[in-house]
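1. Generate a structure from the sequence data that follows.
(chains A and B)
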There are 2 protein chains.
Amino acid sequence: MTDDTVRSAWAYLAAVAEPPCAAVANLVAEVGPVEAAGAIRDRTPLPGRHRDVRAATEARHHLDCAVDHLRVAEAVDARLITPDDAEWPAWQLLRLSVADTATRGGPPLALWVRGQAPLSDVVGRSVALVGSRAASSYGEHVTARLSSDLVLDGWSTVSGGAYGIDGVAHRATLASGGTTVAVLACGIDRDYPAGHARLLSEIASTGLVITEYAPGTTAAKHRFLTRNRLVAALSSAVIVVEAGARSGAANTAAWARKLDVPLGAVPGPVTSATSLGCHRMIADGQAHLVVDAGAVSRLVAPDGGRVGDSALGGRPVVTDRVTDILDETGRRAHDAIPRHGAVTVTEIAVTSGLTAAEVRPALAMMEAHGLVVGDGSTWRLAAERDTSN
Amino acid sequence: MTDDTVRSAWAYLAAVAEPPCAAVANLVAEVGPVEAAGAIRDRTPLPGRHRDVRAATEARHHLDCAVDHLRVAEAVDARLITPDDAEWPAWQLLRLSVADTATRGGPPLALWVRGQAPLSDVVGRSVALVGSRAASSYGEHVTARLSSDLVLDGWSTVSGGAYGIDGVAHRATLASGGTTVAVLACGIDRDYPAGHARLLSEIASTGLVITEYAPGTTAAKHRFLTRNRLVAALSSAVIVVEAGARSGAANTAAWARKLDVPLGAVPGPVTSATSLGCHRMIADGQAHLVVDAGAVSRLVAPDGGRVGDSALGGRPVVTDRVTDILDETGRRAHDAIPRHGAVTVTEIAVTSGLTAAEVRPALAMMEAHGLVVGDGSTWRLAAERDTSN
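-> Numbering: from 1, shown residues only, chains lettered A, B, ... in the order given. You can find the predicted model right below:
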């Protein structure tokens, strides 16, 4: 099985259902991309637990554009990255694994990426700056200052590539010599909005333009909403700089809340309609009031974790036990790893009663916290830690 | 004993110690104003529990300016009101009775008042609007709009008569046909600041100018801080419209927090130094973010009580038992009133082990909540209420 075969399988899978598709993701997690792609393409009968795959791929299973998509991507200097790649931001995307898949909140199957920097490095310390397309000059000024100060503090920025606040955040980050990530709601070969074609190229020259949508996919309203979950998930904090009463930024803010990503909002004149949404979020206790880059940093704990809700008036939440960071699934997977010796994902799944698809993200989270060590095929508890407490 | 004798005694007591003076207040509560004034003036030896009275009145006991003060007040159409008067805002000032007297937070002994309206009526539904003297045009604009909208919603406004936000709040209330109260940090015969002499006259023509300081008293820094407690105590909510990093409004806000008066702050541009204090209060969870008169009304419960801190993101605090509204002192006083029959303050004091000075405000609070009924000399439990739960 060549790398190209695997890559083609991923490209096929990334396009065969509207992302995110939990059914396809579960099948891939269980049998791997090549077998999954083959089964979907050939309409191979699947076990009952995968019954949703057929319906989800009904419309597109016969359209094998993988080779085309990879070629188009290459033409715009884009690559396809998957959970198999070292730069896959597994830690950030874990947030989506635990989100309710009924609301299309699952992780992306794969990501198309323009730009040289490894994605996981760039989003390792990043802040999303989002806001109205119809930004005021005040909003633009604050966004520019905030972006620039965040760069000085070592943050990269994430936004949606749109006009208004998004565009200023990207531009000001670039102007300050920082790294910025634009998350698109269309194919990597599309420049949306068209007026930002040059900006997107500039972003890709030092930062990244990313999307989970296959080449050729057009921007659509539902894709903006789905895209917004990636903006929130990939960031250490989401800051709404300016938002009117019905701004799309409110959707990104809602994802931040849902994914437990620290959420800040910048106040503005009460006479300004474009600050209305920010004021509402703060008044309702959903967002922390943020005035500058220092306040953003305080929203995020130094270890990349988060300051708890008590930060509205109190002290950060402190995690006492190392396994407290794990959810119920994580703890079950952790308990299934023996004190001595290495085990495979399948062995952990059998011992814990979890599916392989549940075990993989749990292992990624444990690895990120130094609880386990993997060698590519097997996993063992990290020796230097006392995991008994 | 004529009314004039009593009034002169109050006028003497109001000037004989720097207000607020807990020692003098306790003596008056126990023996009444005429006897207290006589004892202080004549240096009559007092029981040990009143030992602080002598020191507090040492400097001024021989200066009996009562007649002068009443005459000067009359010349500027001012009157002296005391806890004996129907317009005494007993309910609001109760907040000060329970405050820490060590921080000069006690209630005023008496108040000098310019203006015809009964004080207790005016402050029965009032909002304090406070802020920087060096207000921005944004702050002035927001203050004017807020004042005007509050008047439409049936609120009177309270402020400190200063330049900047205070002045705009008073003027905009007057311009909207509303009632406004200026609380001075100097004698009622003084126009402070001098440039507001005409404004203070206009305020007094429909609203009220009040002070606890005797005629002739000059404004001083410590008096502004002491005055601020009255601004907070007399209001159903305190709103800081604009405040820099070291604004005096922060002191009024601190009093609001201490006295459990709902506190709001208006956000502004993060680029404006005069909004810095407001943003800090909101970010620290001390003040609720307020954008308009509607938000102010929501800060205050419809019955004139307050919405609890959970309003930052939750529901109003609900009081289940009628006696839950009372503090420990109040409950002791309440328990000392028999189920049937009327008792005097002294009898309640004896039964409860409280001092008369503690029993009086507790009775006022119980009366305000309809728990007890007084006939001027004795008190009984309100018959129509089931106070057993």
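2. What are the contacting residues of stretch A:284-298?
-> A:127, A:145-146, A:149-150, A:152-153, A:155, A:237, A:239-240, A:253, A:257, A:262-267, A:278, A:281-282, A:299, A:307, A:311-312, B:267, B:270, B:276, B:279, B:282-283, B:289, B:312-314 (C-beta atoms under 8 Å, 6 or more residues apart in numbering or on different chains). Bear in mind the C-beta positions are built from the backbone N, C-alpha and C, glycine included.
3. actually stretch A:56-74, not the one I wrote
-> A:7-9, A:11-12, A:14-18, A:21, A:23-24, A:40-41, A:43, A:79-80, A:112, A:187-189, A:214-216.
4. before we move on, back to that, looking at the contacts of stretch A:284-298, which are in strands?
-> Among the contacts of stretch A:284-298, DSSP state E puts A:127, A:237, A:239-240, A:263-265, B:289 in strands.
5. Tell me the buried residues in the host helix or strand of A:Glu367?
-> Following DSSP states H and E, one finds A:Glu367 within helix A:356-368. For helix A:356-368, burial by neighbour count (16 or more other C-beta atoms under 10 Å in any protein chain shown) applies to A:356-367.
6. same check, this time on stretch A:138-154
-> Of the residues in stretch A:138-154, A:138-144, A:146-151 count as buried by neighbour count, 16+ other C-beta under 10 Å.
7. Return that stretch as CSV; C-alpha atoms alone will do.
-> Presented in CSV, the C-alpha positions along stretch A:138-154 are these (Å, rounded to 0.1, in the frame of the first residue of the first chain):
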residue,chain,number,x,y,z
TYR,A,138,-13.4,51.9,15.9
GLY,A,139,-13.6,48.1,15.5
GLU,A,140,-11.0,48.1,12.8
HIS,A,141,-8.7,50.2,14.9
VAL,A,142,-9.1,48.0,18.0
THR,A,143,-8.6,44.8,15.9
ALA,A,144,-5.4,46.1,14.4
ARG,A,145,-4.0,47.1,17.8
LEU,A,146,-5.0,43.8,19.4
SER,A,147,-3.6,41.7,16.5
SER,A,148,-0.3,43.6,16.6
ASP,A,149,0.0,43.3,20.4
LEU,A,150,-0.9,39.6,20.3
VAL,A,151,1.9,39.0,17.8
LEU,A,152,4.3,40.8,20.2
ASP,A,153,3.1,38.4,22.9
GLY,A,154,3.9,35.4,20.7
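8. Please state the offset of that stretch from the chain centre?
-> How far stretch A:138-154 lies from its chain's middle: 22 Å, per C-alpha atoms, centre = their mean, to the nearest Å.
9. What parts of chain A come near chain B?
-> By C-beta under 8 Å from any C-beta of the partner chain, the residues of chain A that approach chain B are A:138, A:141-142, A:266-271, A:275-276, A:279, A:282-286, A:288-292, A:295, A:312-314.
10. hmm, which of those residues are the buried ones?
-> A:138, A:141-142, A:266-270, A:275-276, A:279, A:282-283, A:285-286, A:288-292, A:295, A:312.
11. Let's see which of the contacts of stretch A:56-74 end up in helices.
-> A:7-9, A:11-12, A:14-16, A:23-24, A:40-41 (DSSP state H).
12. where does the nearest residue to A:Ala293 once chain neighbours are set aside land on pLDDT?
-> Once flanking residues are discounted, A:Ala293 sits nearest to A:Asp149: 3.5 Å by C-beta to C-beta, 6 or more residues apart in numbering or on different chains. On the pLDDT scale, A:Asp149 is placed at 97.
13. Same question for A:Leu354.
-> So A:Leu354 comes in at 74 (pLDDT).
14. To what extent is it buried, counted in neighbours?
-> Using other C-beta atoms under 10 Å in any protein chain shown, A:Leu354 is surrounded by 19 other residues.
15. residues in contact with it?
-> A:Leu354 neighbours (C-beta under 8 Å, 6+ apart): A:329, A:332-333, A:336, A:348, A:362.
16. can you do 7 Å?
-> By C-beta atoms under 7 Å, 6 or more residues apart in numbering or on different chains, the contact set of A:Leu354 is A:329, A:332-333.
17. measure the residue in the stretch 151-300 of chain A positioned nearest to chain B to A:Arg257 for me?
-> Going by C-beta to the nearest C-beta, chain B is nearest to A:Gly285 of the stretch 151-300 of chain A, at 2.8 Å. A:Gly285 is 11 Å from A:Arg257, where distance means C-beta to C-beta, to the nearest Å.
18. Repeat that for A:Leu200.
-> 29 Å.
19. quick revisit: show me just the buried residues among the contacts of stretch A:56-74.
-> Here, 16+ other C-beta under 10 Å leaves A:7-9, A:11-12, A:14-18, A:21, A:23-24, A:40-41, A:79-80, A:112, A:187-189, A:214-215 buried among these.
20. Could you name the specific helix or strand carrying the closest residue to A:Val270 other than its chain neighbours?
-> Sequence neighbours aside, B:Val291 is the residue nearest to A:Val270 in space, at 4.3 Å (criterion: C-beta to C-beta, 6+ apart). Under DSSP H and E, no helix or strand contains B:Val291.
21. and if you look at the one 5 residues further on?
-> B:Val296 is part of helix B:293-299 when elements are defined by DSSP H and E.
22. same deal with A:Ala349?
-> Residue-wise, A:Ala349 maps onto helix A:345-352 under DSSP H and E.
23. distance between that helix and the chain's centre?
-> Distance, centroid of helix A:345-352 to centroid of chain: 27 Å (C-alpha atoms, centre = their mean).
24. for stretch A:339-355, same thing?
-> Worked out by C-alpha atoms, centre = their mean, stretch A:339-355 lies 27 Å from the chain centre.
25. Show me what counts as buried in the helix holding A:Ala349.
-> Under 16+ other C-beta under 10 Å, the buried positions of helix A:345-352 are A:345, A:347-349, A:351-352.
26. about what we covered before: just curious, which of the ones in strands among the contacts of stretch A:284-298 is nearest to B:Ala232?
-> For the ones in strands among the contacts of stretch A:284-298, the minimum distance to B:Ala232 (C-beta to C-beta) is 18.9 Å, reached by B:Leu289.
27. Now do the helix holding B:Val296, average pLDDT.
-> Rounded mean pLDDT across helix B:293-299 is 95.
28. what's the answer for stretch A:80-87, then?
-> Stretch A:80-87 comes out at a mean pLDDT of 95.
29. got the CA positions of it in PDB?
-> The C-alpha coordinates for stretch A:80-87 follow below in PDB (Å, rounded to 0.1, in the frame of the first residue of the first chain):
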ATOM      1  CA  LEU A  80      -4.100  17.400   2.300                       C
ATOM      2  CA  ILE A  81      -3.400  16.600   5.900                       C
ATOM      3  CA  THR A  82      -5.000  13.900   7.900                       C
ATOM      4  CA  PRO A  83      -4.900  12.400  11.400                       C
ATOM      5  CA  ASP A  84      -1.900  10.300  10.100                       C
ATOM      6  CA  ASP A  85       0.200  13.500   9.700                       C
ATOM      7  CA  ALA A  86       2.400  14.900  12.400                       C
ATOM      8  CA  GLU A  87       1.100  18.400  11.900                       C
END
